[in-house]
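Asks: the following block contains a protein sequence and its predicted model.
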Amino acid sequence: MKVHTAEIEISAAKVADLPPPGPPEIAFLGRSNVGKSSLLNRLVGRKRLARTSSTPGKTRLLHVYRVEGDGRSLRLVDLPGYGWAKVSKAERRRWRGLVESYLGTRGSLHLAILLQDLRRDPSEDEHELLEWLAQRGIPALVVITKTDKLKPMRRKERLRVLRDALGLPAAQVIATSAQTGDGIPDLWRAIAGTLV
Ligand code: GTP
Ligand code: MG
């Protein structure tokens, strides 16, 4: 999609604070520091729309971005990351409550994109999330992040390993880099493919 405008619509601490369902929503989900906010910025071609940070766990709200382009509107939703170190049980419960209530109740949710770092193996968390989405019939894609971190040979090898580990067909796993823009057109194509 050729993005015409992108702006923050709201940062909400709870689902009840979100605007009424409207344009289709694409949710970005994944471990803290995996690159959700960076990918979102790259997708819309804006360097600092979504806040990124080297301090994991900074995004603890639902950030909704309104995007217009190619004659259509979308909402991109940056969800809080999970899995940062030293998190208390209470915080973990809060994360789960917020994310599950968003994913489980939001009528305008169109697609969930689970991010996975190219250099890490999927953990129990990623497997559980994919399972959780599948059980509810929520369409999901996996986006591999930070492909720029490995040389092409290693990159291909890791992609193969990750596809096997995730048990997903190649078309449902898209390799990207927010730094170089690798895979961004593929990701837009995949998103657009779910909108028709
Ligand atoms: P939380 O909001 O804490 O859940 O993290 P996040 O998933 O939004 O990650 P964020 O986009 O803030 O990125 C975390 C770190 O990874 C930052 O230092 C980014 O610059 C870096 N990063 C993100 N994407 C890429 C990428 O494609 N390549 C490289 N080399 N670094 C990246
Ligand atoms: Mg973030």
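Replies: In hand now; what should we look at? Residues are numbered from 1 along each chain as shown. Ligands and ions are numbered 1, 2, ... in the order given.
Asks: nearest residue to the middle of this structure?
Replies: Phe28 (2.1 Å; Cα atoms, centre = their mean).
Asks: spell out the secondary structure type for it.
Replies: Per DSSP: H, G, I helix; E, B strand; the rest coil, the local secondary structure of Phe28 is strand.
Asks: quick check: the closest residue to it other than its chain neighbours vs ligand 2, distance?
Replies: Leaving aside its sequence neighbours, Phe28 sits nearest to Lys36 (Cβ to Cβ, 6 or more residues apart in numbering; 4.4 Å). Yep, even glycine has a C-beta here, placed from its N, CA and C like the rest. Distance, Lys36 to ligand 2, by Cβ to the ion, to the nearest Å: 5 Å.
Asks: isn't Lys36 right up against Asp78?
Replies: Yes - counting by Cβ atoms under 8 Å, Lys36 does reach Asp78; the two are 5.7 Å apart.
Asks: ok now the helix or strand of the chain with the lowest mean pLDDT, how far from the chain's centre?
Replies: Within the chain, no helix or strand scores below helix 89-105, which has a mean of 91 by mean pLDDT, DSSP states H and E. Averaging C-alpha positions (Cα atoms, centre = their mean, to the nearest Å) puts helix 89-105 16 Å from its chain's average.
Asks: C-terminal to it, what's the next element?
Replies: The helix or strand immediately downstream of helix 89-105 is strand 109-117, counting by DSSP states H and E.
Asks: neighbouring strands of that next one in the sheet, and parallel or not?
Replies: Strand 109-117 has its sheet partners listed here by DSSP bridges as strand 25-29 (parallel), strand 140-145 (parallel).
Asks: now the next helix or strand after it: buried residues?
Replies: The first helix or strand that comes after strand 109-117 along the chain, using DSSP H and E, is helix 124-135. Of the residues in helix 124-135, Glu126, Leu129, Leu130, Trp132, Leu133 count as buried by neighbour count, 16 or more other Cβ atoms under 10 Å.
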